[in-house]
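Chemist: Provided below are the primary sequence and the corresponding predicted coordinates.
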Amino acid sequence: MILVKPSFEILGIYTNNPLALIELAGRTAYKSEDKITDTSAEKFVKMLRDRGHESVIEHSGITIKFIVDRGVSHELVRHRLSAYTQESTRYCNYKGGVTFVIPPWVTTVEPGEYEHIFRYGFGADKIWFIAMSNAETYYRDLLRVGWSPEKARSVLPNSLKTEIVMSTNFREMRHILKLRTSKAAHPQMREIMIPLLGELKNEVPVIFDDIGE
């Protein structure tokens, strides 16, 4: 059994200069392309954002790879204005070992590879640990008696690790981050989305730096 913490990786931001692309698209509406300079894009895009003209920022976007548990992925794919490609429990065979994501409220169990279930964790953390170990045992037992991975997956819990690639435009990404970094969001969603927001504020500040203020 392998235990991991959630993570993300920004695989790409559309075009080398997304703000310039957004400015070019936006100025089409005003027929003010002649005002484009080497430094005009940031100010123009900020104007669009502050005025609520967010349809224009849909002309650029981002692709992110998440490593999260299945529960988080179920919430993520509810944002339908995005494209998703996800690790398949039908076709992936975990007979060599099942990987689970440690929830943020499980604090006495560390990432790593484990074999003996009764040595790790305390109290509720230990109960979670044993439940994951048992799920792996049942899954591998079902494979051994002839069940296919798509059948054996029925005993795997929400804590199962999944990898999911999401591509979406900047406007939808703003919407996602506003919802999923709020205090009302699920703790595991906040665990991954708050660091992502911080990185995006560094990568494309004019698009994201007003979120969370």
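Modeler: On my side now, so go ahead.

Chemist: residues in contact with residue 97?
Modeler: Applying CB atoms under 8 Å, 6 or more residues apart in numbering to residue 97 gives the contacts 1-2, 113, 136. For the C-beta atoms, the positions are set from N, CA and C on the backbone; glycine is no exception.

Chemist: Now go through the residues you listed and say which are in helices.
Modeler: residue 136 (DSSP state H).

Chemist: Report the buried members of the contacts of residue 97.
Modeler: Those of the contacts of residue 97 that meet the buried threshold are 1-2, 136, by 16 or more other CB atoms under 10 Å.

Chemist: tell me, what residue is most central in the protein?
Modeler: With distances taken as CA atoms, centre = their mean, residue 66 lies nearest the centre of the chain, 4.1 Å away.

Chemist: How much space separates that residue from residue 15?
Modeler: Distance of residue 66 to residue 15, given as CB to CB, to the nearest Å: 22 Å.

Chemist: per-residue confidence for the residue sitting furthest away from the middle of the chain?
Modeler: Distance from the C-alpha centroid of the chain peaks at residue 34, with 39.1 Å (CA atoms, centre = their mean). Here, the pLDDT recorded for residue 34 equals 91.

Chemist: Next: residue 213.
Modeler: As predicted, residue 213 sits at a pLDDT of 58.

Chemist: Residue 205: neighbour count?
Modeler: Neighbour count of residue 205, defined by other CB atoms under 10 Å: 13.

Chemist: Need the three-state assignment for residue 65.
Modeler: Here residue 65 is strand, with the state taken from DSSP: H, G, I helix; E, B strand; the rest coil.

Chemist: Residue 80 too?
Modeler: Secondary structure, three-state DSSP: residue 80 is coil.

Chemist: Near it, how many other residues are there?
Modeler: Using other CB under 10 Å, residue 80 has 7 other residues around it.

Chemist: Then the one 4 residues further on?
Modeler: The local packing count at residue 84 equals 15, with neighbours defined by other CB under 10 Å.

Chemist: ok, it - contacts?
Modeler: Residue 84 makes contact with 76-77, 164-166, according to CB under 8 Å, 6+ apart.

Chemist: which stretch of helix or strand covers residue 11?
Modeler: strand 7-13 (DSSP states H and E).

Chemist: same question, residue 152
Modeler: helix 149-152.

Chemist: and residue 193, what does it touch?
Modeler: Residues in contact with residue 193 (CB under 8 Å, 6+ apart) are 176-177, 180-181, 185.

Chemist: ok, 7 Å please
Modeler: Residue 193 makes contacts with 177, 180-181, as judged by CB atoms under 7 Å, 6 or more residues apart in numbering.
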